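# Sequence unavailable; structure follows:
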Ligand code: GUN
């Protein structure tokens, strides 16, 4: 039976450390601030944004939420980002994805100053991730790395298989595993022999968004299985990409959904906001 990696617990521990760091920064007259922009009425996005705001408050960060109507134009959104780029109270800017049709996500992300891009979506930050010289790590992959570290098992030399090639998770995830000297394979919708490839994984990270896609026959005995998926099963119940009940009998470590990767993503966002505040206030720190 696998050990359950408790993302909620690990996240709580890190947030405690972060709140101590925030208190120290406040004593130096630095209050890290995050601006979260949401456009439209997507219900899942609204929940994510609310949770981000609550998490900021919990550790003492300043947060500002901008809820814009779905008919916001590209230039209105860009104007707001440009104001926030110049606002010294705001150290991090996040535009909740997905945006309504008609708004160009790439242009929007490009408008955010790279030093305020706490999602690490700007191409300058993506490039830095490629070469291993990063200020910000992308939040979900960074959270996954923390969860793997919590097992005490080194990534170096391990066969790492990432399911999914999105810009937000799959691609940066593969890079972070590579930086830790894993041997990385990325699988996607056109991959042949997916089961055989997965079966060789010492570490499997799934981020494809298909409920219970990863079944027991795809898992090597003793593998570490990390489930980034946030799906709903046929009964409407929240579930990951992994068939948890079957896979936990084979894996050595596994993350549950909910309570695995989810809480870590916001924790890494908080960490990036603090990093941004420190970078933007170097003069006060020395
Ligand atoms: N939508 C789903 N996940 C994310 C995320 O990590 N950042 C942003 N900006 N939008 C998202």
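Received the coordinates, thanks. None of the values given here were measured: they were computed from a predicted structure.

# The closest residue to the ligand within the stretch 101-250 of the chain is in what secondary structure piece?
Nearest to the ligand, among the residues of the stretch 101-250 of the chain, is residue 119, at 4.7 Å (CB to the nearest ligand atom). Using the backbone N, CA and C atoms, a C-beta is placed for each residue, glycine as well. Counting by DSSP states H and E, there is no helix or strand that carries residue 119.

# for residue 205, same thing?
Assigned by DSSP H and E, residue 205 belongs to strand 203-206.

# Adjacent strands (with direction) for that strand?
When pairs are called by DSSP bridges, strand 203-206 turns out to pair with strand 159-163 (parallel), strand 224-227 (parallel).

# so can I have TSV of the ones you listed showing distance to the ligand and mean neighbour count?
Below are the strands paired with strand 203-206 laid out as TSV (distance: least, CB to the nearest ligand atom, whole Å; neighbours: other CB atoms under 10 Å):
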stretch	distance to the ligand	mean neighbour count
strand 159-163	17	27
strand 224-227	15	28
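
# Using CSV, lay out these together with mean pLDDT and distance to residue 72.
Compiled in CSV, the strands paired with strand 203-206 are given as follows (pLDDT from 0 to 100; distance: least, CB to CB, whole Å):
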stretch, mean pLDDT, distance to residue 72
strand 159-163, 99, 34
strand 224-227, 99, 34
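
# Tabulate those (JSON lines), appending distance to residue 239.
Rendered in JSON lines, the data for these read as follows (distance: least, CB to CB, whole Å):
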{"stretch": "strand 159-163", "distance to residue 239": "15"}
{"stretch": "strand 224-227", "distance to residue 239": "9"}
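
# what's the closest of those strands to residue 96?
The minimum distance between residue 96 and the strands paired with strand 203-206 falls on strand 224-227, with 22.4 Å, by CB to CB.

# Residue 127 is nearest to which of the strands paired with strand 203-206?
Closest among these, using CB to CB: strand 159-163, at 19.7 Å.

# Let me know the next secondary structure element after that closest one.
Heading C-terminal from strand 159-163 (DSSP H and E), you reach helix 170-179.

# Could you tell me which residues of the stretch 151-286 of the chain lie near the ligand?
Proximity of the stretch 151-286 of the chain to the ligand is confined to 168, 265 under the rule CB under 6 Å from any ligand atom.

# how about the strands in the stretch 151-286 of the chain?
Along the stretch 151-286 of the chain, the segments classed as strands by DSSP state E, counting those that start in this stretch run 159-163, 183-187, 203-206, 224-227, 231-232, 238-239, 253-254.

# A strand includes residue 38, no?
Yes: membership of residue 38 in a strand is supported by DSSP: H, G, I helix; E, B strand; the rest coil.

# Tell me how many other residues surround it.
Counted by other CB atoms under 10 Å, the residues lying close to residue 38 total 21.

# can you pull the contacts of it?
Taking CB atoms under 8 Å, 6 or more residues apart in numbering, we find residue 38 in contact with 45, 46, 49, 65, 66, 67, 68, 96.

# Next step: the residues you listed restricted to strands.
Per DSSP state E, strands hold the following members of the contacts of residue 38: 65, 66, 67, 68.

# Which of these are buried? Put it as a ChimeraX command.
Applying 16 or more other CB atoms under 10 Å to these, the buried members can be selected in ChimeraX as follows:
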select :66,68
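
# quick one, helices of this protein?
Under the criterion DSSP state H, the chain carries helices at the ranges 7-27, 43-59, 74-86, 105-111, 123-131, 139-149, 170-179, 194-199, 244-247, 261-280, 282-285.

# Confidence-wise, which of those helices is weakest overall?
Across the helices of the chain, helix 282-285 has the smallest mean pLDDT, namely a mean of 88.

# nearest to residue 35, of the helices of the chain?
The closest of these to residue 35 is helix 74-86. By CB to CB, the value is 4.9 Å.

# Identify all contacting residues around the closest one.
In contact with helix 74-86 (CB under 8 Å, 6+ apart) are residues 35, 37, 39, 66, 68, 90, 93, 95, 102-104, 107-108, 111-113, 116.
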